[in-house]
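Student: pasting the sequence and the predicted coordinates here, then a few questions.
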Amino acid sequence: MDNPGLMSASPVETPTAPSPPWRDALKVYLEPATLRMLALGFSAGLPLLLVLGTLSFRLREAGIDRTTIGYLSWVGLAYGFKWVWAPLVDRLPLPPLTTLLGRRRGWLLLAQCMVIAGLIGMALNDPRLGLTPLIWCALLVAFGSATQDIALDAFRIESAEARKQAALAAAYQTGYRLAMIWAGAGVLWVAAWAEVAPAAAVTGAAAYQNGAWKTAYLVMAASMAVGVLTVLLSPEPLPRALPKPKNAAEWLRSVLIEPFADFIRRYRWQAVLILSLIAIYRISDVVMGIMANPFYVDMGFTKDEVATVSKIYGVIMTLAGAFVGGVLSMRLGVMRVLMLGAVLSAGSNLLFAWLATRGHDLTALIAVVSADNLAGGIASAAFIAYLSSLTNISYSATQYALFSSLMLLLPKFIAGYSGAFVDAYGYSTFFTSTAVLGLPVLVLVALASRLTTTTSPPDRQ
């Protein structure tokens with residue numbers, strides 16, 4: 001998702017080890033493993049908005065009510081439950097794909113094929129004629145995307161030694177963000193370009209042209225070729241020597257139980273606090289995000305306007321925020337930047353409440369989107385660094401899937417009621433309420449920070 005590579009120090013890296021020259025440090029960004037992660041990050045970032053934010057824009061333009069759009073966001077719960085099948089992705093072979101490509105690449109290719117099939121299905125279905133087929137296709141995209149995330153996190157962690165993980169993470173984050181621009185702003189541009197006649201003068205469902213959205217989603221499905229080709233042309237990470245189980249019960253224990261037991265053993269009672277923080281850290285952003293695109297439609301912003309603001313201002317500020325968050329995390333410590341990100345993320349939602357009083361004000365939209373993306377970039381960089389520092393490389397896929405699933409599970413569930421809340425109380429009250437949801441996060445970050453002063457983070461094992 002964002003900057004998954006600021007790891008805790010490995011046993012071979014000590015604070016007294018000499019730092020490499022700047023030229024050598026920068027060369028890592030041109031290495032094949034880093035460039036591969038750029039392309040795979042693009043593949044990972046593409047599906048998310050197409051079943052959440054962009055889909056909500058499409059549905060609202062088609063005349064679907066906000067309450068229904070809110071409930072349909074529960075498709076994203078697939079990301080919140082990926083820890084359930086993560087142990088299988090971590091250990092289970094896929095004949096013949098594992099034989100031909102290896103375990104990580106085999107799962108990656110299968111997941112990408114599911115995403116492509118689901119996007120094609122979403123392209124071919126008109127939501128005005130019935131939502132059920134579209135929902136099933138969106139579920140396929142979400143399940144395939146979540147599976148790709150599981151395999152890709154493990155692929156990334158296993159593709160290079162600890163000292164190069166930050167570079168891989170930065171490349172992954174850049175690719176992921178570029179894909180989100182393409183799946184957010186790009187798809188709106190394609191849909192606007194594919195319209196038979198300008199629809200700017202028409203509002204509501206009459207402005208909806210399914211043929212334009214069909215073209216846009218087919219283009220998105222074709223864009224997954226970036227990830228497919230990268231998987232086919234990449235080497236499989238060196239397989240780790242895994243103990244051979246004596247029986248089925250032992251295999252199930254090593255696959256399903258041990259990754260979670262390892263985390264509990266390492267943190268004991270502190271695990272409750274850590275998991276609670278992970279579960280709600282992004283709650284303000286996620287709950288608000290479901291209604292952002294319906295809000296733009298209801299405020300009268302066109303696809304071209306939203307796409308332009310998202311691409312030009314959104315990407316610049318997001319990447320700036322991620323860079324600032326990464327630098328501050330290294331200089332000030334991850335926990336301090338976690339607190340800063342939590343404050344900024346909740347505060348930026350109050351700007352949307354202000355924007356709701358402005359109507360169709362493009363200048364105000366630019367300012368709010370810029371501030372929101374800057375805050376999100378800072379928060380994400382610190383948060384994913386924190387998640388990665390908790391991971392034991394022996395169970396990389398399963399444990400990282402657990403953390404990233406918890407990050408979305410509760411927020412996505414609450415977000416399902418966002419449309420009904422807006423219908424009942426309006427946008428301004430909704431955005432203010434999402435900011436209030438961020439207050440418990442500040443308490444948990446403060447408590448977690450006290451723990452880190454007495455216990456050092458675990459070494460990457």
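Tutor: Happy to help now that I have it.
Student: make it CA atoms for all contacts and neighbour counts henceforth
Tutor: OK.
Student: show me the shaky parts of this structure.
Tutor: Where the chain drops to pLDDT under 70, the residues are 1-30, 160-167, 197-206, 239-248, 251-252, 255-256, 311, 393-394, 396-397, 452-461.
Student: hmm, try it at 50
Tutor: 1-17, 199-206, 453-461 (pLDDT under 50).
Student: strands of that one, start to end?
Tutor: Read by DSSP state E, the chain holds no strands at all.
Student: which residues touch Val51?
Tutor: Contact partners of Val51, counting by CA atoms under 8 Å, 6 or more residues apart in numbering, are Ser73, Val75, Gly76, Ala138, Val141, Ala142.
Student: mind checking how far the last one is from Asp90?
Tutor: In this structure, Ala142 lies at 19 Å from Asp90, with CA to CA, to the nearest Å as the measure.
Student: who has more neighbours, the two?
Tutor: Ala142 (27 against 22; other CA atoms under 10 Å).
Student: distance of the closest residue to that one other than its chain neighbours relative to Asp149?
Tutor: Of all residues not flanking Ala142 in the chain, Ala78 sits nearest, at 6.0 Å (CA to CA, 6 or more residues apart in numbering). Shown here: Ala78 relative to Asp149, a distance of 11 Å by CA to CA.
Student: more neighbours, the two?
Tutor: Regarding Ala78 and Asp149, a neighbour count based on other CA under 10 Å identifies Asp149 as having more, with 27 against 23.
Student: the more buried one is in contact with Phe42, isn't it?
Tutor: No. Asp149 is beyond contact range of Phe42, at 11.5 Å (criterion: CA atoms under 8 Å).
Student: what residues of stretch 77-84 count as buried?
Tutor: The neighbour-count check on stretch 77-84 (16 or more other CA atoms under 10 Å) flags Leu77, Ala78, Tyr79, Gly80, Phe81, Lys82, Trp83 as buried.
Student: now those residues as JSON lines including distance to Leu129?
Tutor: Output for those, formatted as JSON lines (distance: CA to CA, whole Å):
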{"residue": "Leu77", "distance to Leu129": "25"}
{"residue": "Ala78", "distance to Leu129": "25"}
{"residue": "Tyr79", "distance to Leu129": "27"}
{"residue": "Gly80", "distance to Leu129": "29"}
{"residue": "Phe81", "distance to Leu129": "30"}
{"residue": "Lys82", "distance to Leu129": "31"}
{"residue": "Trp83", "distance to Leu129": "35"}
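Student: Tyr400: neighbour count?
Tutor: Residues near Tyr400, counting by other CA under 10 Å: 27.
Student: for stretch 384-404, the distance to its chain's centre please.
Tutor: Distance of stretch 384-404 from its chain centroid, counting by CA atoms, centre = their mean, to the nearest Å, is 14 Å.
Student: quick check: Leu444 vs Met220, distance?
Tutor: From Leu444 to Met220 the distance is 39 Å (CA to CA).
Student: which one's more surrounded, the two?
Tutor: Met220 (24 against 18).
Student: and that one, what is it in contact with?
Tutor: Leu46, Leu119, Ala183, Val187.
Student: so which of those is the closest to Thr215?
Tutor: Of all those, the one with the least separation from Thr215 (CA to CA) is Val187, at 9.2 Å.
Student: could you count how many residues lie near Gly321?
Tutor: Using other CA under 10 Å: Gly321 sits among 24 other residues.
Student: identify the residues contacting it.
Tutor: Contacts of Gly321 by CA under 8 Å, 6+ apart are Asn373, Leu374, Ala375, Gly376, Gly377, Ile378.
Student: can you tell me the closest non-neighbouring residue to Ile283?
Tutor: Per CA to CA, 6+ apart, closest to Ile283 is Pro411, 4.9 Å.
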